[in-house]
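>>> okay, here's the prediction I keep looking at, along with the sequence it came from:
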Number of protein chains: 2
Amino acid sequence: MTEHNKPTLEVCLSPALLHLYDVKNSIVVIIDVLRATSTICTALYNGAAKIIPVASVEECVSIGRQLGAITAGERDGKIAEGLLHGNSPFEYPRDFIENKTIVLTTTNGTKLLHMAKDAIQIITGSFPNISAVCDYLVAQQQNVILGCAAWKDRVNMEDTLFAGAVVSRIKSHFHMNCDSALAAETLYNTAKPDVYKFMQGASHFQRLAKFGLEKDIRYCLTPDGANVLPLLKNGELIVG
Amino acid sequence: MTEHNKPTLEVCLSPALLHLYDVKNSIVVIIDVLRATSTICTALYNGAAKIIPVASVEECVSIGRQLGAITAGERDGKIAEGLLHGNSPFEYPRDFIENKTIVLTTTNGTKLLHMAKDAIQIITGSFPNISAVCDYLVAQQQNVILGCAAWKDRVNMEDTLFAGAVVSRIKSHFHMNCDSALAAETLYNTAKPDVYKFMQGASHFQRLAKFGLEKDIRYCLTPDGANVLPLLKNGELIVG
């Protein structure tokens, strides 16, 4: 296969840039490392039946009530008013979450997921499921957009680093002509020897550390702790 | 002075993200390394009286005719139809440009400049005038936004690297809480040993190299070849 017959691999650093990408002809990976997509794969890994991502707290409450499901989500890094559970992967161990449904809303991740609805396929990615994500993307042989959820549209370090980690693993299978992908990969290569330490300069690290969430951060930056593939089907995230 | 009394230093990686920043209370540095802002400082360094940045080719032609000025600009990296000069710094040596006025339009740089019109002050930055830019920013003690012109709103490597070079030089004078600034600085530190070589992976390098413009690229990545400060006053760029 020549270079130009390969599918493309691109990185979108903020939802506010997604309109520049050919979403319709691509698989989109939703990336919200701290902490939505890390928590999604963790809950599914621990046996959750499915996760329903919704945009607003109101929808979360109302669908949760209809289905008798667990309502979860945060606004500005804290459990949203009216919801029962937050956005920490440690809130969803197997003995709590097995066979249950979660309705989830987050500041950034669920918003991007809804923006990408015309994609060939939507999956979610984070360090805890990086191998499952990479294996899937290589196998599909479709164009890929690694979509960073960012923080209120501001580019953030953790999502960029994860995008870079994926680029570094799978780029030989793709055609790449995207400076954001090159930047993300270069940043990841710099951070790789100690991602946790590198992240200490980042804005969201400091925001979460104030809430005492260093343990969450460390888990969310560690590869393959919950190595399943969350796949969006009919508006629900299930194990692919 | 404590950390939080210092003015802020932020990087905006694309014009499509500028609405997220407090432009009104900041100095904005317009960065379009390949090649608009490199050419702007070069023409002023070589004695141009002033440069009038305009958004469209039509305006460029009409204002150029009114003033008897030199019309210059590119679209997609080539001289725009109807204009007489392009976007290469080598088109503006002293014996051609001294005391003359240029009306300039470019794909990305002039657009961002018009978007930032409410800033405290607009200046333009590029490697050929990096020291003048840094000295000015440190002296002003105002909030700073390093605004990358990008490529049709897509994040690009060269503008990001220049922003990173500025961050690395002046950050000790500012309060920084911006992942884009941290990313830009980290990328610049990686590229620094050989910026030209590092840039060979970037999309715009490949676009310009196809037109045989390696000499332009090398000049545009070299510090202080035209070390003046272009300052926007009443819609005109003059030496500050």
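Noted; the coordinates are in hand. Numbering: from 1, shown residues only, chains lettered A, B, ... in the order given.
>>> the residue lying closest to residue A:79 once chain neighbours are set aside: neighbour count?
In space, and not counting its chain neighbours, residue A:79 is closest to residue A:86: 4.1 Å by C-beta to C-beta, 6 or more residues apart in numbering or on different chains. Quick note: C-beta positions are derived from backbone N, CA and C, even for glycine. Neighbour count for residue A:86, taken as other C-beta atoms under 10 Å in any protein chain shown: 19.
>>> and the gap between residue A:240 and chain B?
In this structure, residue A:240 and chain B are separated by 30 Å, where distance is defined by C-beta to the nearest C-beta, to the nearest Å.
>>> hmm, the residue nearest to residue A:79 is touching residue A:75, no?
No: the pair residue A:86 / residue A:75 is not scored as a contact, 10.3 Å apart, by C-beta atoms under 8 Å.
>>> give me the nearest residue to the residue positioned nearest the centre of chain A, chain neighbours excluded.
The structure's chain A has its C-alpha centroid closest to residue A:31; by C-alpha atoms, centre = their mean the separation is 2.8 Å. Spatially, and ignoring its direct neighbours in sequence, residue A:31 is nearest to residue A:159 (4.6 Å; C-beta to C-beta, 6+ apart).
>>> shouldn't that neighbour be within a helix?
Yes: assessed with DSSP: H, G, I helix; E, B strand; the rest coil, residue A:159 lies in a helix.
>>> tell me the contacts of it?
Neighbouring residues of residue A:159 by C-beta atoms under 8 Å, 6 or more residues apart in numbering or on different chains: A:13, A:31, A:32, A:33, A:148, A:149, A:150.
>>> list just the nearest of these to chain B.
Taking C-beta to the nearest C-beta as the measure, residue A:13 is the one of the contacts of residue A:159 closest to chain B, at 5.9 Å.
>>> tell me, how many residues neighbour the closest one?
As a burial measure, residue A:13 scores 30 neighbours (other C-beta under 10 Å).
>>> verify the contact between it and residue A:160 for me.
Yes: applying C-beta under 8 Å, one finds residue A:13 in contact with residue A:160, separated by 6.2 Å.
>>> what's the overlap in contacts for the two?
Common neighbours of residue A:13 and residue A:160 (C-beta under 8 Å, 6+ apart) are A:148, A:184.
>>> buried residues, the host helix or strand of residue A:163. List them.
Element membership for residue A:163, per DSSP states H and E: helix A:157-170. Applying a neighbour-count criterion of 16 or more other C-beta atoms under 10 Å in any protein chain shown, one finds A:157-170 buried in helix A:157-170.
>>> closest to residue B:138 among those residues?
Taking C-beta to C-beta as the measure, residue B:138 lies nearest residue A:157 of the buried residues of helix A:157-170, at 25.5 Å.
>>> tell me the contacts of the closest one?
Contacts of residue A:157 by C-beta under 8 Å, 6+ apart are A:187, A:199, A:201, A:202, A:203, A:204, A:205, B:179, B:182, B:183.
>>> which helices and strands does the helix or strand containing residue A:145 pack with?
With elements taken from DSSP H and E, the one containing residue A:145 is strand A:144-148. Contacts defined by 3 or more C-beta pairs under 8 Å, 6 or more residues apart in numbering or on different chains; DSSP states H and E place strand A:144-148 against strand A:9-12, strand A:27-31, helix A:157-170.
>>> mean pLDDT added to the ones you listed, as CSV?
Written out in CSV, the entries for these read as follows (pLDDT from 0 to 100):
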stretch, mean pLDDT
strand A:9-12, 98
strand A:27-31, 98
helix A:157-170, 98
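>>> for residue A:115, find the nearest of those.
It's strand A:27-31; of the helices and strands packed on strand A:144-148, that one is closest to residue A:115 (C-beta to C-beta) at 9.1 Å.
>>> quick one: strands adjacent to the closest one?
strand A:121-125 (parallel), strand A:144-148 (parallel) (DSSP bridges).
>>> and after that strand, which helix or strand comes next?
Past strand A:27-31, further along toward the C-terminus, the next helix or strand under DSSP H and E is helix A:36-45.
>>> going by neighbour count, which residues in the helix or strand residue A:231 falls within are buried?
Taking DSSP H and E as the criterion, the element that holds residue A:231 is strand A:230-233. Neighbour counts using 16+ other C-beta under 10 Å place A:230, A:231, A:232 of strand A:230-233 among the buried residues.
>>> what helices or strands is it leaning on?
Under the contact rule (3+ C-beta pairs under 8 Å, 6+ apart), strand A:230-233 is packed against helix A:36-45, strand A:121-125, strand A:236-239.
>>> centre of the chain to it, how far?
Centre-to-centre, strand A:230-233 and its host chain are 12 Å apart (C-alpha atoms, centre = their mean, to the nearest Å).
>>> cool, stretch A:73-81 as well?
Averaged C-alpha coordinates place stretch A:73-81 at 17 Å from its chain's average position (C-alpha atoms, centre = their mean).
>>> gap between the two ends of it?
Taking C-alpha to C-alpha, to the nearest Å as the measure, stretch A:73-81 stretches 9 Å from start to finish.
>>> just the buried residues of that stretch, please?
By 16+ other C-beta under 10 Å, the buried positions in stretch A:73-81 come out as A:73, A:74, A:77, A:79, A:80.
>>> now for those: which two are most distant?
In the buried residues of stretch A:73-81, the most distant members under the criterion C-beta to C-beta are A:73 and A:77, with 11.3 Å between them.
>>> give me the common contacts of those two.
Contact with both residue A:73 and residue A:77 is made by residues residue A:87, according to C-beta under 8 Å, 6+ apart.
>>> for chain A, what spans make up the helices?
Per DSSP state H, chain A carries helices over the ranges A:36-45, A:57-67, A:94-97, A:109-115, A:130-140, A:157-170, A:179-191, A:195-199, A:203-210, A:214-220.
>>> looking at those helices, which is buried most?
Ranked by mean neighbour count under mean count of other C-beta atoms under 10 Å in any protein chain shown, the helices of chain A are led by helix A:36-45, which reaches a mean of 29.
>>> show residues contacting that one.
With C-beta under 8 Å, 6+ apart as the contact definition, helix A:36-45 has outside contacts at A:30-32, A:51, A:87-89, A:91-92, A:97, A:102, A:104, A:106, A:108-110, A:124-129, A:132, A:149, A:219-220, A:225-230, A:237-239.
>>> let's see 7 Å
Contacts to helix A:36-45, defined as C-beta atoms under 7 Å, 6 or more residues apart in numbering or on different chains, come from residues A:30-31, A:51, A:87-89, A:92, A:97, A:102, A:106, A:109, A:124-129, A:149, A:220, A:226, A:228, A:230, A:237, A:239.
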